[in-house]
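K.L.:
Here you go, sequence then predicted model.
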Amino acid sequence: MDIYVLLKRTFDTEEKIVINEGKVSDEGVDFIINPYDEFAVEEAILLRDKHGGEVTVVSVGSEETEKELRTALAMGADKAVLINCEDLEAQDQHTTASILAAFFQDKDYDLILGGNVSNDNSTGQVGPRLAEQLGLPYVTMITNIEVDGNTATLKRDVEGDTEVIEATLPLLVTAQQGLNEPRYPSLPGIMKAKRKPLEEIDYDDLDIDEDEIEAKTETITTFLPPEKGAGKILDGELEVQVKELVSNLHQEAKIL
Amino acid sequence: MDFRLDEEIEFLKTNIRNFVNNEVEKVAMQIEKEDKIPERIIELSKEMGLFGLSIPEEYGGLGIGMVGKCALYEELGKTHNGYTTLIGAHTGIGTVGIVELGNEEQKQKYLPDMASGNKIGAFALTEPEAGSNASNLKTTAVKRGDTYILNGTKHYITNAIEADVFTVMAVTDPSKGAKGITSFIVEKSFPGFQVGAVEEKMGLKGSHSAELIFEDCEVPEENVLGEVGKGYMNALKILANGRAGLAARNLGSCQKLLDMCMEYVQERVQFGVPIIEHQAVAHMVAEIGVEIEALRSFTYRIAWKVDQGEKVIKEAAMLKLYGSEVYNRVADKALQVHGGVGYISDYPIERYYRDARITRIYEGTSEIQKNIIASQLRKEYS
């Protein structure tokens, strides 16, 4: 089975967000594989171990992304491709999906796995957009996948409930929390990872019209959520409290 | 001079750091209370290949040099010292004997399982009457046909209850003193071998030290490690080899203590200001910082010398001595910086304080290190 995984380098979930000159600052920040993409890497490795084939991890990013790709290789992926688009000015999910679509043009694949969302922009769009561009069926937010020949049976998280879907390969899926528990890269795995192929290509090496991939969105302003104020504790008779609560929800919080 | 670590070692370090922070740190209090490392942590450590840290690549280990090993030990030192000791005693004195002195057959037989962590290693030299006076062994090994029969008792053996493979020193020729000692590889399953009482300790919870009892224990001749009669020299070599790694673990613990201090002194307010604003406190963390930098430079310089193939008997003893003493000073100051909180068992400081204490005693006391250093200096200057 030829399996591809879409991977994004993102802020470590522990990092505090600092805004500097209207942008989220990445100074001194630790980066990781987007946690949802890590589920995708793990599942790809499990599927390959079960069904044979090869796992290739692809990332649209900058040179620094090599580190996260190496981590995926250390976990057990076979190959990695870095599509460098450091020079590209405005990028959004449309840009990333279009670059990936160009990359996949001449590739053979049975399954493409991605994360459900990234932990930074959290749009959840790259997977579905890519599938649309490639004309592939796709299932998002999967918590289980079983492949039998040309058919995949998937469990999909639908806001606390589970939907079971059968789909044919080739297919694109995005991983939801609960799909698996990603392994730690083993130390011998890390030593082996340096000998595994990591190909770096530039986005303009692909057959792309620059105007076509231009960002469709524009960031107008970036700001942190307002600081949370202290909570209000009500007292008095229960009946009085309930009335006050309802009135507060209605008039102050304006959520009723 | 280039003090940077190889990219690959940095990569290994980062992954150990993630593992330690995400997994081991979360159960540190549990380990302390239950005196047991959770099975999940042991399994994950095996999967990560931590048990193969000091074993050559061809036998399933990592095959990295001493500088690399120290970098990884430093990361492991930043978490529960009992856990670190289980790994460290295995990868250090528990396996180094077979790696350094074993013949090809012995290496093939034992190292792959030890690298995967399926078999844990331990080192058994100390006896009730042979502590610092290590050549005063009473355990005997008498040859009968192609088997050695071991009789005697070892005590304070780290990893005794976890281990499957022991490097054991026993007297094969009582008339020759230190030159009549031989090293053996003893398996837990050999007839006549049993583990005795487990000691209650002041610290290093989760790591266990116990007695080993040999009662007509049958050890096949092919399990002689190195040459007959060279056991005492072997033991000294194995211990010397472990010293840089031990210092690196202490370094990691010191760094962890500084990290905790720096967080605390900037948050804790007394007399209306964070306590770092008080010079007495500021000076304590400054002193801790200096001690750590000095230990770091010392550790990696000696590790580098080991990798160059230089003889470092004196320097390794100096490093063992210095690293242990620094750890104790730093733990003491870190506790002082934390005040009352430092003394409370719900916080990790007092645990490091207790765990630091053994480092001046095990794998050669501070005083024995000074003897080694002095005798090496006398040789140099005579």
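P.N.:
On my side now, so go ahead. Numbering: from 1, shown residues only, chains lettered A, B, ... in the order given.
K.L.:
Contacts only, for the residue in chain A positioned nearest to chain B.
P.N.:
Closest approach between chain A and chain B, counting by C-beta to the nearest C-beta: A:Leu187, at 4.0 Å. For glycine as for every other residue, the C-beta is placed from the backbone atoms N, C-alpha and C. By C-beta atoms under 8 Å, 6 or more residues apart in numbering or on different chains, the contact set of A:Leu187 is B:Leu12, B:Asn15, B:Ile16, B:Met48, B:Gly49, B:Leu50, B:Gly52, B:Leu53, B:Leu62, B:Leu72.
K.L.:
Spatially nearest residue to it (excluding sequence neighbours)?
P.N.:
Spatial nearest neighbour of A:Leu187, chain neighbours left out: B:Gly49 (4.0 Å); criterion: C-beta to C-beta, 6 or more residues apart in numbering or on different chains.
K.L.:
what's across from B:Val142 in the sheet?
P.N.:
Counting by DSSP bridges, B:Val142 forms beta bridges with B:Ile149.
K.L.:
Mind jotting down where the strands sit in the stretch 101-250 of chain A?
P.N.:
With DSSP state E, counting those that start in this stretch as the criterion, the stretch 101-250 of chain A has strands at A:111-115, A:138-148, A:151-158, A:161-168, A:171-175, A:198-202.
K.L.:
shaky segments in the stretch 1-150 of chain B?
P.N.:
Within the stretch 1-150 of chain B, no stretch has pLDDT under 70.
K.L.:
Which residues of it lie near chain A?
P.N.:
B:8, B:11-12, B:15-16, B:18-19, B:44, B:47-50, B:52-53, B:57, B:60-63, B:72 (C-beta under 8 Å from any C-beta of the partner chain).
K.L.:
Just the buried ones from these?
P.N.:
B:11-12, B:15-16, B:18-19, B:44, B:47-50, B:52-53, B:60-62, B:72 (16 or more other C-beta atoms under 10 Å in any protein chain shown).
K.L.:
tell me which parts of the stretch 101-250 of chain A are close to chain B?
P.N.:
A:Arg183, A:Tyr184, A:Pro185, A:Ser186, A:Leu187, A:Pro188, A:Gly189, A:Ile190, A:Met191, A:Lys194.
K.L.:
Tell me the spacing between the fifth one and B:Gly68.
P.N.:
As defined by C-beta to C-beta, to the nearest Å, A:Leu187 lies at a distance of 10 Å from B:Gly68.
K.L.:
swap in the second one?
P.N.:
Applying C-beta to C-beta, the value for A:Tyr184 to B:Gly68 is 18 Å.
K.L.:
hang on, A:Glu63 packs against A:Asn84?
P.N.:
Yes: counting by C-beta atoms under 8 Å, A:Asn84 is a contact partner of A:Glu63 at 6.4 Å.
K.L.:
Those two: which is more packed in?
P.N.:
Comparing A:Glu63 with A:Asn84 by other C-beta atoms under 10 Å in any protein chain shown, the one with more neighbours is A:Asn84, at 19 against 10.
K.L.:
Now do the contacts for the nearest residue to that one once chain neighbours are set aside.
P.N.:
Leaving out its chain neighbours, the residue that sits closest to A:Asn84 by C-beta to C-beta, 6+ apart is A:Asp202, at 5.3 Å. Neighbouring residues of A:Asp202 by C-beta under 8 Å, 6+ apart: A:Ile83, A:Asn84, A:Cys85, A:Asp87.
K.L.:
Equivalent analysis for A:Val158, please.
P.N.:
A:Met141.
K.L.:
how many neighbours does A:Thr162 have?
P.N.:
10.
K.L.:
same question, A:Thr221
P.N.:
Counted with other C-beta under 10 Å, A:Thr221 comes out at 5.
K.L.:
And the pLDDT for it?
P.N.:
pLDDT recorded at A:Thr221 is 90.
K.L.:
State the phi and psi torsions of the nearest residue to it once chain neighbours are set aside.
P.N.:
The spatially closest residue to A:Thr221, leaving aside those adjacent along the chain, is A:Gly22, at 7.0 Å (C-beta to C-beta, 6+ apart). Backbone torsions of A:Gly22, given as degrees, to the nearest 10, read phi 80, psi 0.
K.L.:
what does A:Tyr4 give?
P.N.:
Note on A:Tyr4: backbone dihedrals following degrees, to the nearest 10 are phi -120, psi 140.
K.L.:
Need the single longest helix in chain B, by residues.
P.N.:
Across chain B, the longest stretch assigned as helix under DSSP state H is helix B:231-267.
K.L.:
If you count neighbours, what's buried in that helix?
P.N.:
So, applying 16+ other C-beta under 10 Å, buried residues of helix B:231-267: B:231-258, B:260-261, B:264-265.
K.L.:
any idea how far A:Thr217 is from the residue in chain B that chain A sits nearest to?
P.N.:
Residue of chain B nearest chain A, by C-beta to the nearest C-beta: B:Gly49 (4.0 Å). Distance of B:Gly49 to A:Thr217, given as C-beta to C-beta: 44 Å.
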